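[1] fold the following.
(one chain, ligands or ions: 3)
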Amino acid sequence: MAAELLDAPFDVYRFDPAHEATPRYQRYALHLPAHTPVLTALLAIRAELDPTLTLRYSCRSAICGSCAMVINSKSRLACQTPIGPELARHGRIVIDPMRNMPVIRDLVTEMRSFWTNYHRIEPHLKPNRARPPPEGKPNPMTPAEVARFQETPRCISCAACYSACPAVEADPMFPGPMALAKLYRFVVDPRDGATNERLARIQPEGLWLCLRCHLCTEACPKGVRPSERIMDLKELAIASQGATDPGSRHALAFKENIREAGVLNELKLVRQTSGLPGMAAQLGQGLRLAAKKREILKRPKPIEGHAEVEKLYEILDREEER
Ligand code: SF4
Ligand code: SF4
Ligand code: FES
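    Ligands and ions are numbered 1, 2, ... in the order given. Coordinates of the predicted model:
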């Protein structure tokens, strides 16, 4: 029996800088089965309705990573996104190019910043002289060593995470989730000899700009979970170098601050993160906040149930020691 055809309205971002000053959305109406991937629908538009529609794709099998785009506001692979659930949820399918990169034409973006950030982390093994490979043989790893980074090699460099990341949007210094996930892969590889050098470099080069929103992990089609690898990198950086950066000082100060009373002592947090010179630099902002919220000037009293907070910290401390 032939599959039922759905009314499938597509609103597709169109922009050709050679002919148009401003982008626009173009409506295409198709009739397709629910299981049709968005990429197949776009190729049908191009083949049957509009040969000028420009997009990037290759494998059509979620392998090459080239068809990432924004589908109904989420960054994902067009070849892996069926139209049925999108239509059921939104009534139409709105397609945009990936975010955080300039658009070349229609759905094709210029990915230079994504690749520059990737190369910035030096994504190759720097051999560990303390662990040379056996003469003429590969350098073996134990299953436990491989397990530490087994998710990161799944990455297909699609940039869906980079497109979804608000820290990339906010600060061009931020290397992006994929680059940091790849950095993690080399940091924990026992055959790599540059662990401390890599961690020391990445702290002032954007590691702490990550907002821990997990949008990259949500966007990733391959389960790389970049936000979790970034949290691991932060812990490794603190373990290797201590709190050498405002970001790491803030993380440690936050942890100890909450422990004291179960609630933030905001003045103390700023002092521990930025020191007295940093406090002085933020004086104007602090005074404005204090005018609205006078309690930030007082030392907070322990919250009700503070003993429970202390118990939680003891459990976390024991986990860290393992
Ligand atoms: S968790 Fe960090 S890297 Fe991931 S999207 Fe949010 S800000 Fe970006
Ligand atoms: S981490 Fe995931 S989303 Fe990011 S580039 Fe790799 S596969 Fe794509
Ligand atoms: S076309 Fe290759 S991942 Fe979609």
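
[2] which stretches of this protein form helices?
    38-44, 83-90, 112-120, 143-147, 160-164, 166-170, 177-187, 195-202, 215-219, 226-241, 246-261, 266-281, 283-292, 306-321 (DSSP state H).

[3] would you mind getting the angle between the third one and helix 177-187?
    Between helix 112-120 and helix 177-187, the angle formed by their directions is 10 degrees, by axes from the mean of the first three to the mean of the last three Cα atoms, to 10 degrees.

[4] and helix 112-120, anywhere near ligand 2?
    No. In terms of Cβ under 6 Å from any ligand atom, no part of helix 112-120 sits within range of ligand 2; the closest distance is 8.1 Å. In this view, the C-beta of every residue, glycine as well, is placed from N, C-alpha and C.

[5] show the average pLDDT along that helix.
    Mean pLDDT, helix 112-120: 97.

[6] for it, buried residues please.
    113-114, 117-118, 120 (16 or more other Cβ atoms under 10 Å).

[7] that older thread, want to throw the helices of the chain into TSV with distance to residue 9?
    Output for the helices of the chain, formatted as TSV (distance: least, Cβ to Cβ, whole Å):
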stretch	distance to residue 9
helix 38-44	11
helix 83-90	8
helix 112-120	31
helix 143-147	46
helix 160-164	23
helix 166-170	29
helix 177-187	32
helix 195-202	45
helix 215-219	24
helix 226-241	33
helix 246-261	45
helix 266-281	49
helix 283-292	47
helix 306-321	50
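
[8] nearest to ligand 3, of those?
    Of all these, it is helix 38-44 that lies closest to ligand 3, at 6.0 Å by Cβ to the nearest ligand atom.

[9] packed most tightly, which of the helices of the chain would that be?
    Across these, the average number of neighbours (mean count of other Cβ atoms under 10 Å) peaks for helix 160-164, which reaches a mean of 29.

[10] packing partners for that one?
    strand 68-71, strand 74-77, helix 177-187, helix 215-219 (3 or more Cβ pairs under 8 Å, 6 or more residues apart in numbering; DSSP states H and E).

[11] alpha carbons only: can I get it in PDB?
    Coordinates of the C-alpha atoms in helix 160-164 are reproduced here as PDB (Å, rounded to 0.1, in the frame of the first residue of the first chain):
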ATOM      1  CA  ALA A 160      25.700  21.500  14.100                       C
ATOM      2  CA  CYS A 161      27.100  22.100  17.600                       C
ATOM      3  CA  TYR A 162      29.000  25.200  16.500                       C
ATOM      4  CA  SER A 163      25.800  26.600  14.900                       C
ATOM      5  CA  ALA A 164      23.800  25.900  18.100                       C
END
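
[12] ok, it near ligand 3 or not?
    No. Helix 160-164 lies out of reach of ligand 3 by Cβ under 6 Å from any ligand atom, never closer than 9.9 Å.

[13] any idea how far that helix is from the middle of the chain?
    Centroid separation between helix 160-164 and its chain, computed with Cα atoms, centre = their mean, to the nearest Å, is 6 Å.
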